[in-house]
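Peer 1: would you be able to build a 3D model of this:
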Amino acid sequence: MDTIFALSSGRPPAAISVIRISGARAHDAGRSIAGSVPEARTAALRELRDPRTGELLDEALVLRFDSPASSTGEDIVEFQCHGGRAVVDAVLAALTAAEGLRLAAPGEFTRRAFDNGRIDLTEAEGLADLIEAETESQRKAALMLAEGGLRKQVALWLERLLGLSAEAERAIDYDEDDDEIDSALQRECHGLEQELRSWLGRPRTERLKDGVRVVVAGPPNAGKSSLLNAIAGEERAIVTAAPGTTRDHIEVPLSLGGVPVLLTDTAGLRESGDEVEAIGVERAGRLIEAADVLVWLGVPEKTPDHPRAIKLHPRADLPERRAAPEGSLAVSSVSGEGVADLLRRIEAEARAVLPAGDAIALNRRQAQHIGEAADALARASSASEIVLVAENLRLARAAFDRLTGRAGVEDVLDALFSRFCLGK
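Peer 2: Residues are numbered from 1 along each chain as shown. Just a heads-up that it's a prediction; the model follows:
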């Protein structure tokens, strides 16, 4: 396998740049440029010179890691050099000229860590999410995966599954009455199935990535677009006195206390003979149904049936609208009254539909394979023959192998590692 190298820190200029080499020739490459490499897991100051000319390139810290106890499972050398463009380019050029070395593809360091068993697929997914995290809640959820939270849980499930499988195989080999199934074995299968189902009922990572959908809805001219502009702090939606101005929904991504939110303005709800406006009203209805949180600016009695509806009393700056109905929050896009309280309410409701900060959140792919394992366990717990119990336990183990990347995930791997930047 080729020895690879890449700039693993941000683009120069920077105070320090980290250039990483991984593979069987990493230590030789390090010696050819730095003269010598330090003992494993220690850092030493070295002069970096171009092996072709002996020209001094930089003075840098050099670190060495030995296979298999490295991040990729291979021999690694890292140069922590000055972060000027010319310095980085010169060191990379020297590595490019070295025999048997090539520039790494995006995500190739992490791919090698996976291939060499240093991480499993769930940890790789966590690393990808961590790199892309933009809010505090996204960071925490990604870190739980990247640090092996789900991998450790799956290992516990697999240990139980192996025990159940061993018991089923023993029964096949030694029980005289093949038609009689140990009820305790099937109860344990059912218990594990129910545990997996409880995990499937947890909030997923999709809301963390895409944002909690907060839909602002109500009749025309209720102040929806003005409120969205006031929250966004800029003119994102057109505001006029004419009803029906908003024909399509407008989305504004926000971070409220580290919670990702997708604030959505919708067309005013009313019967309309205008074909374009009618389409907007129809879309507004679908968005209300799909909303995680609904902000309603209409008459309180006409609030759509929604588990997380926040009722507003808009235009509270007007003298005739000072008194808000009971259960409604008075807000004004003009004076700003109530907007801060509204944002706190939205944040609280949004947090309720997100994974807890210390909980492991599943993505769609992970949930799919856990669901497959749960389905197999359900069949095992109700099977009429012990051989069917054993077969369904095997299918449950296979689902976990796909979950952790042990089998059947080549298409997933290519898509995942393409998300990584060069040098990761």
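
Peer 1: all contacts plus neighbour counts: C-alpha atoms, from now on.
Peer 2: Fine.

Peer 1: gap between the strand or helix carrying residue 341 and the chain center?
Peer 2: Using DSSP states H and E, the element containing residue 341 is helix 339-352. Counting by Cα atoms, centre = their mean, to the nearest Å, helix 339-352 is centred 23 Å from the centre of its parent chain.

Peer 1: again, but for stretch 347-360
Peer 2: 14 Å.

Peer 1: flag every buried residue along that stretch.
Peer 2: For stretch 347-360, a neighbour-count test (16 or more other Cα atoms under 10 Å) marks 347, 349-351, 353-355, 359-360 as buried.

Peer 1: quick check: mean pLDDT across that stretch?
Peer 2: Across stretch 347-360, pLDDT averages out at 87.

Peer 1: and stretch 410-424, by the same measure?
Peer 2: Per-residue scores along stretch 410-424 average to 78.

Peer 1: check what pLDDT residue 174 gets.
Peer 2: 74.

Peer 1: residue 134 too?
Peer 2: For residue 134, pLDDT reads 82.

Peer 1: okay, it and residue 308: tell me how far apart.
Peer 2: 25 Å (Cα to Cα, to the nearest Å).

Peer 1: same deal with residue 228?
Peer 2: Where residue 308 is concerned, residue 228 sits at a distance of 18 Å (Cα to Cα).

Peer 1: who has more neighbours, these two?
Peer 2: Here residue 228 and residue 308 are compared on neighbour count by other Cα atoms under 10 Å; more neighbours surround residue 228, at 22 against 17.

Peer 1: tell me if I'm right that that one and residue 265 touch.
Peer 2: Yes. Assessed by Cα atoms under 8 Å, residue 228 is found in contact with residue 265 at 6.7 Å.

Peer 1: mutual contacts of those two, please.
Peer 2: By Cα atoms under 8 Å, 6 or more residues apart in numbering, residue 228 and residue 265 have these common neighbours: residue 216.

Peer 1: does the residue sitting nearest the centre point of the chain sit in a helix or strand, and which one?
Peer 2: The residue lying closest to the centre of the chain (Cα atoms, centre = their mean) is residue 129, at 4.2 Å. Here residue 129 sits within helix 121-132, counting by DSSP H and E.

Peer 1: which residues touch that helix?
Peer 2: Identification of contacts with helix 121-132 by Cα under 8 Å, 6+ apart yields 110, 114, 138-139, 141-148, 150-151, 366, 403-405, 416-417, 419-420.

Peer 1: buried ones among those residues?
Peer 2: Listed as buried from the contacts of helix 121-132 are 110, 114, 138-139, 141-148, 150-151, 366, 403-405, 416-417, 420; burial here means 16+ other Cα under 10 Å.

Peer 1: in helices only, show me these.
Peer 2: Counting by DSSP state H, the part of the buried ones among the contacts of helix 121-132 found in helices is 110, 114, 138-139, 141-146, 150-151, 366, 403-404, 416-417.

Peer 1: please, where are all the strands along this protein?
Peer 2: 3-7, 14-22, 43-49, 56-65, 76-83, 101-103, 212-217, 250-256, 259-265, 293-296, 309-313, 329-330 (DSSP state E).

Peer 1: quick one: low-confidence ranges for the stretch 201-350 of the chain?
Peer 2: Scanning the stretch 201-350 of the chain for pLDDT under 70 picks out the ranges 234-248, 270-280.

Peer 1: would you map the helices across it?
Peer 2: With DSSP state H, counting those that start in this stretch as the criterion, the stretch 201-350 of the chain has helices at 206-210, 224-232, 275-290, 339-352.

Peer 1: deepest-packed of the ones you listed, please.
Peer 2: helix 224-232 (a mean of 22; mean count of other Cα atoms under 10 Å).

Peer 1: distance from the chain centre to it, please.
Peer 2: Centroid displacement of helix 224-232 relative to its chain, using Cα atoms, centre = their mean, is 29 Å.
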